[in-house]
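In: The following block contains a protein sequence and its predicted model.
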Amino acid sequence: MNLFQTLQTGAGAWNPLLWLVALAVALGVALAIRSRGRKDFREGAGRKPFISGNEEPANGGGHVPASNLYWGFLESLKSYYVRVVPLHTGVPTDYVAWLLGVMALMLVVALTV
Amino acid sequence: MMDTFVMRHLPALLIAVPLFAAFLMPIVGNAGRVARNAWVLLGALATSAVGLALAWKVLATGTVLYVFGAAAAHLPLPMDSGGIPIRIVFQVDALSALMVVIASLSSLGITIYSLAAESRQSGLETFYAMLFLLVAGVLGMVSTGDLFNFFVFLEISSLAGAALVAYRVDNGVAVEAGLKYALLSTLGALAVLTAIGILVGQYDALNLATLASRLQFTTLDKIALVLLAVPLAMKCGAVPMHFWTPDAYTTAPSSVTAFLVVSSQASLYGLFRILFTLYGHLLQFSWATFGWFLIVVGVLSMFVGVTMAIPQKDVKRLMAYHAVSQTGYMLLGVGVGLAVLGNADALATYGRTAMAGGLFHIINHAMYKGLLFLTAGAVFYRAGTRNLNKLGGLGHDMPWTMVFFMIGALAIAGVPPFNGFASKLLIYESVFRFSPFLSIVAMIVSILTLASFVKVFHSMFLGPRRAEFAAVREVPAPMLAGMALLAVFVVAAGLAPRPFVDHLIQPAVDALVDRAGYIAAILGGS
C-alpha cells in the first residue's frame, strides 16, 4: 500500500509528499539567497533595532499582552460584537430558551414541509 | 480459544471493560496510588485495544451484530419473536467503527496524560470512575442499534460529563458550569425520550433498523424528528445552542475537556444516524430542508465560534469557541451531502466528497483539538494561570509543549501538511460546487482561526523569560506521552491522508448513505 498516494477531492488533488518536496526546494532557495548576504555583519555590533524611533524596551517589557492584539479587527467589527457578545449571558434559563426556541422553529419548519 | 472468545464478544467487551474499570475503581483506589494508576492504565489500554480490534473487525469483515442475552449473539431475530429484534442489539458498521477508533485513541491519550496532570488532586478514585463511565457512555452511543439504549448511554455520558466538569469545584465556578451542562443535557435527554415514546407508541419497536423500516413520516414522526435532532445538535455545541460549551470546556480539567470533545462528537454521530439511517428516504421531499438545517447551523457555528474566540483572554475558553467553530465544518460537509441526497448526480460528483470531508474532520478535530486542550492544561499545570495576558515566554522552558501546541494550532487552522488541511480541502472543494459562498466562508473562518492561534502562540510561548515563571519547567513524561500520541496521529493523517480516507472514511460515508443495508443487516432485507 502506497501511504503517500494523492488525495483526490473530485475537483482537485493533494499530495503532501510533493508539498514537502516543494517546501524543501523553497527553503533551499531561501538559504541560497541568505548565503549571498553580507559576511561582515555581526549581531549586536553596536546596532539597535529600529522600533519607530522608540528606545528598545528592557528585557520583558516588549511582550505585547493578548488583549492588545487584533485591536483593529475587534474595533472594525464593533457593531457585530456589541450584538453577539451580550447574547452570551451565562444565565442557564437563557440557554434553555435558545434550545426551546430552535426546537419550536424547527417544529414549524418540519410540520410545514 | 481465548482470542476467538474475545473476538466474538468484542461489542460486549467494548462496554464491559470500561464499566468494570469504573466500578472497581473505588476499591482499587484504596490500595494506594501505584495500584490506582496501574488499574487506570490497564483499563484504558484494554478499552482502547478492544475498541481498535472491533473497528478492525468491522472494516475487514463488514457490520458486526451483537445481540445481548441471545444464544447466538449474531442472530438478531429470535425464532419466536415474530420478526422483531426484541433484545438489545449492538450494530457496529463502518460509521460506528470510525467513532470507536476516535474514542479509543483519544481516551488512551488523555488517560495517560491525566495520570500526571491530575496527580495533585484529591478524589481521584471518583474522577477516574467518572472518566471510565464517560468513555463507556460514548462507546455505547456509537455502537448501539437500539434507540432506547442510545438514550441510556447518552444519559450515562451526560451525567459523568457533568460530574467531571464540576470536579475541580474552583470556588463554585466549575460547579456552576457542571450544573449548566447537566441542566441542558437533561432537558435534551427528556426531549429524546419523548421522541422515543412517540415512535414506540406508533411502531412497537425500539430497534433502529426496525423503526427505520416501519416509519411512515406521519405528523408525530416529524415531531419526533425535531425532538431527536435539535437536542443532539445542542449537545454537539451547534450555534445558537452552543452557550454551555465554553462554560463546560473551560472549567473541566483539560484531560476531561479533550474527551468532552469526543462526547460532543458522539452526539453529532447520533444526529447523522437519525437523519440518514432512521429517517433517510422519508426526508426525500425535504432533504434540502434538513440538509440546509445542518448547513445553516454549521455556517453559524463556524463564524460565531471563531469570532467569539478571537477576543477571549482565557486560553481554554478561546479553544472552546474554536471547538464550536470546527463542529461547523462537520455540519457543513455532511449537511451538503444530505441536501443533495435525492440528486444522484450531485451526490456522486461532490456530495460524497463533502460527507467524507465532514467525517474526516470529526476524527481530525478529535485529535488536534484534544491535543490543543492538553497543551493548555500543560501550561496551566506549570504556570498556574490560563489568562493569556499574564502568560508569556514559556517556550524557553516548555519546548515540547510548545512543539505540540504548534502542531495542533497549524492543524486546526488548516495549514498543510497537517490533518486539518486534508479534511478541510475535501470540504472546500466539494462545498464550492454546491455553493461557492459557503466554501469561501469556510476558508475565511480558517484564516481567522490561524490568526487566533497566532495570538495564543505569541501570548503563551514567545517573548523573553518572565520572572514570575522562573520555576517553570517541562511537564512530566506521562503528560508528554499523552500529547505525543495525539500529535503523531495529527502528523500521520496529514502526511498520508489517502489511507485514512480510503479505509476508514469512505466506508463510513457508504454506511451513512446505505440505509437499506443497515436495515437489511437486522431484518435480512425485509
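Out: Received, thanks. Numbering: from 1, shown residues only, chains lettered A, B, ... in the order given.
In: only C-alpha atoms for contact and neighbour calcs from this point on.
Out: OK.
In: element containing B:Leu228?
Out: Secondary structure from DSSP states H and E places B:Leu228 in helix B:219-235.
In: Quick one: check that helix for contact with chain A.
Out: Yes - residues of helix B:219-235 are located near chain A by C-alpha under 8 Å from any C-alpha of the partner chain, namely B:219, B:222-223, B:226-227, B:230-231, B:234.
In: Quick one: low-confidence residue ranges for chain B.
Out: For chain B, the stretches with pLDDT under 70 are B:1-3, B:284-288, B:525-526.
In: how far away is the residue nearest the centre of chain A from chain B?
Out: The centroid of chain A falls nearest to A:Tyr70 when counting by C-alpha atoms, centre = their mean (10.8 Å). Using C-alpha to the nearest C-alpha, to the nearest Å, A:Tyr70 is found at 8 Å from chain B.
In: What are the phi and psi values at the most far-flung residue of chain B relative to its centre?
Out: Taking C-alpha atoms, centre = their mean, the residue of chain B most remote from its mean C-alpha position is B:Ala467, at 39.5 Å. Backbone torsions for B:Ala467, taken as degrees, to the nearest 10, come to phi -60, psi -40.
In: Against B:Leu394, how distant is it?
Out: Relative to B:Leu394, B:Ala467 is positioned 11 Å away (C-alpha to C-alpha, to the nearest Å).
In: Likewise for B:Gly524?
Out: Counting by C-alpha to C-alpha, the gap from B:Gly524 to B:Leu394 is 60 Å.
In: The two - which one has more neighbours?
Out: B:Leu394 (28 against 12; other C-alpha atoms under 10 Å in any protein chain shown).
In: So for the helix holding B:Leu228, what gets flagged as buried?
Out: Going by neighbour count (16 or more other C-alpha atoms under 10 Å in any protein chain shown), the buried part of helix B:219-235 is B:221-235.
In: The helix or strand following that helix close to chain A?
Out: Next in sequence after helix B:219-235, counting helices and strands by DSSP H and E, comes helix B:244-251. Yes - applying C-alpha under 8 Å from any C-alpha, one finds helix B:244-251 touching chain A at B:244, B:247.
In: got the CA coordinates for helix B:244-251 in CSV?
Out: Extracted as CSV, the C-alpha positions of helix B:244-251 are listed here (Å, rounded to 0.1, in the frame of the first residue of the first chain):
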residue,chain,number,x,y,z
TRP,B,244,-22.9,25.7,27.5
THR,B,245,-19.8,24.7,25.6
PRO,B,246,-17.3,27.5,26.6
ASP,B,247,-18.5,27.3,30.3
ALA,B,248,-18.1,23.5,30.5
TYR,B,249,-14.9,23.2,28.4
THR,B,250,-13.2,26.0,30.3
THR,B,251,-13.7,24.7,33.8
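In: so what does that helix touch, helix or strand wise?
Out: helix B:147-165, helix B:173-203, helix B:254-272, helix B:315-339 (3 or more C-alpha pairs under 8 Å, 6 or more residues apart in numbering or on different chains; DSSP states H and E).
In: how about the helices of chain A, start to end?
Out: A:16-35, A:71-76, A:78-84, A:92-112 (DSSP state H).
In: Now do the last one and helix B:173-203, the angle between them.
Out: Translated: helix A:92-112. Orientation check (axes from the mean of the first three to the mean of the last three C-alpha atoms, to 10 degrees): helix A:92-112 against helix B:173-203 gives 20 degrees.
In: Would you mind checking the average pLDDT for helix A:92-112?
Out: Summarised as a single mean, pLDDT over helix A:92-112 is 94.
In: For it, which outside residues touch it?
Out: Outside helix A:92-112, the residues within contact range by C-alpha atoms under 8 Å, 6 or more residues apart in numbering or on different chains are B:180, B:183-184, B:219, B:222-223, B:226-227, B:230-231, B:234, B:240-241, B:243-244.
In: Could you work out the most separated pair of those residues?
Out: The distance between the two most remote of these (C-alpha to C-alpha) is 32.0 Å, for B:Lys180 and B:Thr219.
In: need the residues of the stretch 351-500 of chain B near chain A, please.
Out: Close to chain A, as judged by C-alpha under 8 Å from any C-alpha, the stretch 351-500 of chain B has residues B:353, B:388-390, B:392, B:416-417, B:422, B:425-426, B:429-430, B:455-456, B:459, B:463-466, B:494-499.
In: about what we covered before: from the contacts of helix A:92-112, pick the one nearest B:Ser213.
Out: For the contacts of helix A:92-112, the nearest to B:Ser213 is B:Lys222 (15.7 Å; C-alpha to C-alpha).
In: tell me the contacts of that closest one?
Out: So B:Lys222 contacts A:107, A:110-111 (C-alpha under 8 Å, 6+ apart).
In: Now tabulate these in CSV and tack on neighbour count.
Out: Formatted as CSV, those follow (neighbours: other C-alpha atoms under 10 Å in any protein chain shown):
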residue, neighbour count
A:Leu107, 18
A:Ala110, 18
A:Leu111, 14
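In: could those be laid out in TSV, adding distance to B:Ile112?
Out: As requested, the contacts of B:Lys222 are exported to TSV (distance: C-alpha to C-alpha, whole Å):
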residue	distance to B:Ile112
A:Leu107	44
A:Ala110	45
A:Leu111	49
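In: what sits against the closest residue in space to B:Leu275 that isn't next to it in sequence?
Out: The shortest distance from B:Leu275 to any non-neighbouring residue, by C-alpha to C-alpha, 6 or more residues apart in numbering or on different chains, is to B:Ala229 (7.7 Å). Residues near B:Ala229 by C-alpha under 8 Å, 6+ apart: B:271, B:274-275.
In: Let me know the closest of the residues you listed to chain A.
Out: Among the contacts of B:Ala229, B:Leu275 lies closest to chain A (C-alpha to the nearest C-alpha), at 12.8 Å.
In: and that closest one, that one's in a helix?
Out: Yes - under DSSP: H, G, I helix; E, B strand; the rest coil, B:Leu275 falls within a helix.
In: which other helices and strands contact the one helix or strand B:Ala487 maps to?
Out: In the assignment (DSSP H and E), B:Ala487 maps to helix B:477-495. Contact partners of helix B:477-495 among helices and strands, from 3+ C-alpha pairs under 8 Å, 6+ apart: helix A:16-35, helix B:94-117, helix B:352-383, helix B:399-412, helix B:419-434.
In: Which of these sits closest to B:Ala46?
Out: helix B:94-117 (9.4 Å).
In: relative to helix B:352-383, how tilted is the closest one?
Out: Using the same axes, to 10 degrees: helix B:94-117 against helix B:352-383 is 10 degrees.
In: next structured bit after helix B:94-117?
Out: By DSSP H and E, the next helix or strand past helix B:94-117 is helix B:124-143.
In: could I get that next one in PDB with only the CA atoms?
Out: What follows is helix B:124-143 as a C-alpha-only set of coordinates in PDB (Å, rounded to 0.1, in the frame of the first residue of the first chain):
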ATOM      1  CA  LEU B 124      -9.000  10.600  42.100                       C
ATOM      2  CA  GLU B 125     -10.900   7.300  42.500                       C
ATOM      3  CA  THR B 126     -14.200   9.200  41.800                       C
ATOM      4  CA  PHE B 127     -12.500  11.100  38.900                       C
ATOM      5  CA  TYR B 128     -11.400   8.000  37.100                       C
ATOM      6  CA  ALA B 129     -14.600   6.100  37.800                       C
ATOM      7  CA  MET B 130     -16.500   9.000  36.100                       C
ATOM      8  CA  LEU B 131     -13.900   9.200  33.300                       C
ATOM      9  CA  PHE B 132     -14.400   5.500  32.500                       C
ATOM     10  CA  LEU B 133     -18.200   5.900  32.700                       C
ATOM     11  CA  LEU B 134     -17.900   8.800  30.200                       C
ATOM     12  CA  VAL B 135     -15.900   6.600  27.900                       C
ATOM     13  CA  ALA B 136     -18.400   3.700  28.300                       C
ATOM     14  CA  GLY B 137     -21.300   6.100  27.500                       C
ATOM     15  CA  VAL B 138     -19.600   7.400  24.400                       C
ATOM     16  CA  LEU B 139     -18.700   4.000  23.100                       C
ATOM     17  CA  GLY B 140     -22.200   2.700  23.800                       C
ATOM     18  CA  MET B 141     -23.800   5.700  22.000                       C
ATOM     19  CA  VAL B 142     -21.900   5.000  18.800                       C
ATOM     20  CA  SER B 143     -22.300   1.200  18.900                       C
END
